[in-house]
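S.K.: Sequence and predicted model, in that order:
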Amino acid sequence: MVSHCANPACGVPLRYLRDGRLFQFEVRRKGLRGLSREELEEAKKNARHVSHYWLCGACSILLTLEFDPSSGVVPVSIENSATRGAPVAV
């Protein structure tokens, strides 16, 4: 459940979805080594899930969210975004 702005420097509580921007990321689990066969089968079933993040209105003007495999979901400047110029799904 999304409860606050995804910008760690902000933290504004989510009150209305119309104020800001909602993001959805598919996250895949890493680190399946060392699991028993039963644990591995269960982990594979739950290896992917969708997570939701929200940027408040003030932050969404300057920032977007990107998924970094080593850091997870991180806020980045719109000007420095890797997806800059890419079509945006609404």
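M.R.: Ah, there it is.
S.K.: Next, Phe67: secondary structure please.
M.R.: strand (DSSP: H, G, I helix; E, B strand; the rest coil).
S.K.: count of residues packed around it?
M.R.: Residues near Phe67, counting by other C-beta atoms under 10 Å, number 14. Glycine gets a C-beta too; all of them are placed from N, C-alpha and C.
S.K.: Quickly note the distance from it to Pro75.
M.R.: Counting by C-beta to C-beta, to the nearest Å, the gap from Phe67 to Pro75 is 11 Å.
S.K.: Report whether Glu41 is found in a strand, as I expect.
M.R.: No: going by three-state DSSP, the assignment for Glu41 is helix, not a strand.
S.K.: give me the number of residues near it?
M.R.: The number of residues packed near Glu41 is 10, by other C-beta under 10 Å.
S.K.: Please apply the same query to Cys59.
M.R.: Cys59 has 21 nearby residues by other C-beta under 10 Å.
S.K.: what does Thr64 give?
M.R.: 20.
S.K.: same question, Gly11
M.R.: 12.
S.K.: in this structure, which spans are helices?
M.R.: All helices of the chain, identified by DSSP state H, fall at 37-45, 57-62.
S.K.: Now the weakest link among those, please, by mean pLDDT.
M.R.: The minimum mean pLDDT among these belongs to helix 37-45 (a mean of 71).
S.K.: In TSV, list the helices of the chain along with distance to His4.
M.R.: Below are the helices of the chain laid out as TSV (distance: least, C-beta to C-beta, whole Å):
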stretch	distance to His4
helix 37-45	29
helix 57-62	11
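S.K.: Tell me which of those lies nearest to Ala9.
M.R.: helix 57-62 (8.5 Å; C-beta to C-beta).
S.K.: Please name the bridge partners of the residue nearest to the spatial centre of the chain.
M.R.: Nearest residue to the geometric centre of the chain (C-alpha atoms, centre = their mean): Val73, 4.4 Å. Beta-bridge partners for Val73, by DSSP bridges, are Phe67.
S.K.: pLDDT below threshold where in this structure?
M.R.: Along the chain, the model assigns pLDDT under 70 to residues 27-35, 43-48, 82-90.
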